[in-house]
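Enquirer: structural data only, the sequence is not supplied:
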């Protein structure tokens, strides 16, 4: 078998005061959401509650709540979204309300763009690329270089300019309830900025038209793609909440194979890399995907960053990286993992702790079919730690670390160097998670 590729308490408010400033900001009648930690609040100005994971640390995460009327936008097209985001270096608070589904693969006039449009004028063609780098003639010891690789990179750059949306600091992006809000085929890039909120959005069909062949990746080579649906790179204080992530409508089972390896057009769903820090990921649904969440892009990332809280999410039809953790202090609690094969996505593992990562995994629930061994739910490289407690497999308390270590030559360590304290909403039992999270996670729920 080929080796896999590894590449965040305020007192409860009992009244809601709608100020003239909020009305002036374009909320009008507004959308009101009930939150156990903050009472009744306006959805577009809602901030992360105190002690709700790592992103509540320090200054907390408030996004664009201080936005004025001139920086409050409602967008429904790619061009409108680009204009609302503005410059990635502009720190002016802004609120962006996404109404409906935005197709990232469109031009400024709304015309649909295809892979052929991106490759036009670059000289790239898949057939020529396959001929140029066939391992039988090109070999397997070096990355592709030369005319066709330059053409592929040029085509990929054209696509990136169209589908990558760079999010500035102090921004709130929220889907308008009842509008099927989301982004299709695009990537939110949250890079080297602080204080961002992303909520109530469906991210689907994030696809790379031009994957690169790497014969040196793994035992038999791999096709590697760009574009995560949401990517954090050197970002701090980020709250991703009530979103849905999916490969739909194009599942990996439809991907062809070239050089004996899957022609992979999907990368991550939500990746947290390049020393990003102070992140809370809550009440999202991660579905129908392979390499889902990467925390830390390299085993050599410096320590002291990559502090992430992941709670009350559903993981269903996920192959791996739920998440894969490196270096940081990661709290994974009250999540529901259904590892039954779905649409061709069959589990390799759920949680991977490597490169001295310090993971606390508590009170999570796994639904595991008889065909999947409990030892497969965790993974590691022998240096990472997972301190587990209260985890259930099909309703039964299970020591996942012991099960993994009994079947592995690279044991997970069982002690960590920190104790989670930012744990608002932590449930002491996982037994009700399959039912409760089914109606409280994902996009289109906030009202």
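Expert: Yep, that arrived. This structure is a prediction, so every number in the text was calculated from the model and none was measured.

Enquirer: quick one: the helices in the protein?
Expert: Ranges of helices within the chain are 20-24, 78-85, 115-119, 126-132, 135-138, 147-163, 400-407, 433-438, based on DSSP state H.

Enquirer: in the third one, which residues are buried?
Expert: By neighbour count, with 16 or more other C-beta atoms under 10 Å as the criterion, the buried positions of helix 115-119 are 115, 117-119. From N, CA and C alone the C-beta is placed, and that goes for glycine too.

Enquirer: sorry, back to before: including mean pLDDT and distance to residue 237, could the helices of the chain go into a markdown table?
Expert: Output for the helices of the chain, formatted as a markdown table (pLDDT from 0 to 100; distance: least, C-beta to C-beta, whole Å):
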| stretch | mean pLDDT | distance to residue 237 |
| --- | --- | --- |
| helix 20-24 | 28 | 22 |
| helix 78-85 | 98 | 18 |
| helix 115-119 | 98 | 34 |
| helix 126-132 | 98 | 41 |
| helix 135-138 | 97 | 45 |
| helix 147-163 | 98 | 25 |
| helix 400-407 | 98 | 30 |
| helix 433-438 | 98 | 25 |
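
Enquirer: looking at these, which is closest to residue 353?
Expert: helix 400-407 (9.5 Å; C-beta to C-beta).

Enquirer: just to revisit the earlier point, closest one of the buried residues of helix 115-119 to residue 269?
Expert: Of the buried residues of helix 115-119, the one sitting nearest to residue 269 (C-beta to C-beta) turns out to be residue 115, at 21.1 Å.

Enquirer: tell me which residues touch that closest one, please.
Expert: Going by C-beta atoms under 8 Å, 6 or more residues apart in numbering, residue 115 touches 159, 209-210.

Enquirer: try it again with 6 Å
Expert: residue 209 (C-beta atoms under 6 Å, 6 or more residues apart in numbering).

Enquirer: against residue 122, how distant is it?
Expert: Plainly put, residue 115 is 11 Å away from residue 122 if you go by C-beta to C-beta, to the nearest Å.

Enquirer: residue 83 too?
Expert: Taking C-beta to C-beta, one finds residue 83 at 27 Å from residue 122.

Enquirer: so for those two, which residue has more residues nearby?
Expert: residue 122 (17 against 12; other C-beta atoms under 10 Å).

Enquirer: low-confidence ranges, the protein, go.
Expert: Within the chain, the stretches with pLDDT under 70 are 1-41.

Enquirer: one more time with 90
Expert: Across the chain, the ranges flagged by pLDDT under 90 are 1-41, 444, 447.

Enquirer: residue closest to the middle of it?
Expert: Nearest residue to the geometric centre of the chain (C-alpha atoms, centre = their mean): residue 270, 1.2 Å.

Enquirer: wait, that residue sits on residue 293?
Expert: Yes: Residue 270 is within contact range of residue 293, at 5.2 Å (criterion: C-beta atoms under 6 Å).

Enquirer: and stretch 370-378, what's buried?
Expert: By 16+ other C-beta under 10 Å, the buried positions in stretch 370-378 come out as 372, 374-378.

Enquirer: I'd like those residues laid out as CSV, including distance to residue 317.
Expert: Shown next, in CSV, are the buried residues of stretch 370-378 (distance: C-beta to C-beta, whole Å):
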residue, distance to residue 317
372, 13
374, 19
375, 21
376, 16
377, 15
378, 19
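
Enquirer: among those residues, which lie within strands?
Expert: residue 378 (DSSP state E).

Enquirer: quick one: which of the buried residues of stretch 370-378 is nearest residue 140?
Expert: The closest of those to residue 140 turns out to be residue 376 (C-beta to C-beta; 29.0 Å).

Enquirer: who's in contact with that closest one?
Expert: Applying C-beta under 6 Å, 6+ apart to residue 376 gives the contacts residue 349.

Enquirer: for residue 423, find the nearest of the helices of the chain.
Expert: helix 433-438 (15.8 Å).

Enquirer: which other helices and strands does the closest one contact?
Expert: Judged by 3 or more C-beta pairs under 6 Å, 6 or more residues apart in numbering; DSSP states H and E, the packing partners of helix 433-438 are strand 336-338.

Enquirer: wait, residue 227 sits on residue 267?
Expert: Yes: Residue 227 is within contact range of residue 267, at 5.5 Å (criterion: C-beta under 6 Å).

Enquirer: circling back: closest to residue 170 among the buried residues of helix 115-119?
Expert: Closest to residue 170, out of all of the buried residues of helix 115-119 and judged by C-beta to C-beta, is residue 118, at 31.9 Å.

Enquirer: distance of that closest one relative to residue 85?
Expert: Distance from residue 118 to residue 85, by C-beta to C-beta: 21 Å.

Enquirer: picking up where we left off before, the residue nearest to the centre of the chain and residue 317, how far apart?
Expert: Distance from residue 270 to residue 317, by C-beta to C-beta: 15 Å.

Enquirer: next: residue 152.
Expert: According to C-beta to C-beta, residue 152 and residue 317 sit 30 Å apart.

Enquirer: then residue 161?
Expert: Note on residue 161: its distance to residue 317, by C-beta to C-beta, is 31 Å.

Enquirer: which one's more surrounded, these two?
Expert: residue 317 (23 against 9).

Enquirer: now that one: closest residue in space that isn't a chain neighbour?
Expert: Among residues not flanking residue 317 along the chain, residue 342 sits closest, at 3.2 Å (C-beta to C-beta, 6 or more residues apart in numbering).
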